[in-house]
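In: turn this into a structure:
(one chain, ligands or ions: 1)
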Amino acid sequence: MTHPSPRKIAQRTLPARKRIALIAHDDKKQEMLDWATRWQSTLAKHELVGTGTTAGRIARHLGLEVEALMSGPLGGDQQIGTRITEQKLDVLIFFWDPFSPQPHDPDIKALLRLAALWNIPVACNAASADFILSSPRLSEDYSIDIPDTQDWMARRSV
Ligand SMILES: O=C(CO)COP(=O)(O)O
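Out: As a prediction, the model looks like this:
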């Protein structure tokens with residue numbers, strides 16, 4: 001059964017101090033480290049979280065505090081997705097690898113779906129991540145449209 005898309009929207013405010021998720025697939029980890037090194041002082045002003053291996057490497061190499069969730073193949077992408085759904089994450093930086101199939105491909109697809117659904121800024125490569133990190137909105141409160149969950153539930157008849 002297909003569901004209609006949400007009809008009514010609500011707002012939520014992304015705080016000035018953003019909760020930013022950092023994730024990179026193995027062949028993209030060095031690129032993520034290089035990118036994070038360029039943005040180190042900016043990233044240090046925000047709250048960082050990541051899938052296990054990515055978070056560990058960024059914390060070790062850059063000396064930044066990064067909350068490490070489970071490694072991606074063990075469910076880390078789903079944990080990040082849960083944070084998005086619970087409105088506890090504001091930005092997703094995910095350098096996924098377009099050349100290597102991943103055992104947890106359904107989890108990756110689910111994460112990207114939730115990021116699209118909940119309208120948070122997402123970067124899947126370094127250029128997009130540069131745009132997000134250089135935006136003045138990164139360090140300001142910023143209001144986004146999200147689905148109105150109460151309206152959605154009220155219209156469900158099953
Ligand atoms: O697989 C990942 C994202 O899909 C990343 O997981 P790790 O950071 O543990 O390598």
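In: what is the burial count for residue 133?
Out: Residue crowding around residue 133 was assessed by other CB atoms under 10 Å; the count is 20. Quick note: C-beta positions are derived from backbone N, CA and C, even for glycine.
In: do the same with residue 83
Out: Neighbours around residue 83, by other CB under 10 Å: 18.
In: now do residue 114
Out: 20.
In: let me know the secondary structure of the residue most central in space within the chain.
Out: Against the mean C-alpha coordinate of the chain, by CA atoms, centre = their mean, the closest residue is residue 92 at 2.2 Å. Three-state call for residue 92 (DSSP: H, G, I helix; E, B strand; the rest coil): strand.
In: my read: it touches residue 81, true?
Out: No: counting by CB atoms under 8 Å, residue 92 stays clear of residue 81, with 9.5 Å between them.
In: determine how far the helix ranked longest in the chain lies from the middle of the whole chain.
Out: Across the chain, the longest stretch assigned as helix under DSSP state H is helix 105-117. Chain-centre distance of helix 105-117: 10 Å, with CA atoms, centre = their mean, to the nearest Å.
In: can you pull the buried residues of that helix?
Out: The neighbour-count check on helix 105-117 (16 or more other CB atoms under 10 Å) flags 107-108, 111-112, 114-115 as buried.
In: ok, now stretch 81-94?
Out: So for stretch 81-94, counting by 16+ other CB under 10 Å, buried means 81, 83-84, 89-94.
In: quick one on the thing from earlier: reformat the buried residues of helix 105-117 as JSON lines; add distance to the ligand.
Out: As requested, the buried residues of helix 105-117 are exported to JSON lines (distance: CB to the nearest ligand atom, whole Å):
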{"residue": "107", "distance to the ligand": "7"}
{"residue": "108", "distance to the ligand": "5"}
{"residue": "111", "distance to the ligand": "7"}
{"residue": "112", "distance to the ligand": "10"}
{"residue": "114", "distance to the ligand": "13"}
{"residue": "115", "distance to the ligand": "13"}
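In: quick one: which two of these are the most distant?
Out: Farthest apart among those by CB to CB are 107 and 115. That separation is 12.8 Å.
In: thinking again about what came up before, tell me the one of the buried residues of stretch 81-94 nearest the ligand?
Out: Taking CB to the nearest ligand atom as the measure, residue 94 is the one of these closest to the ligand, at 7.2 Å.
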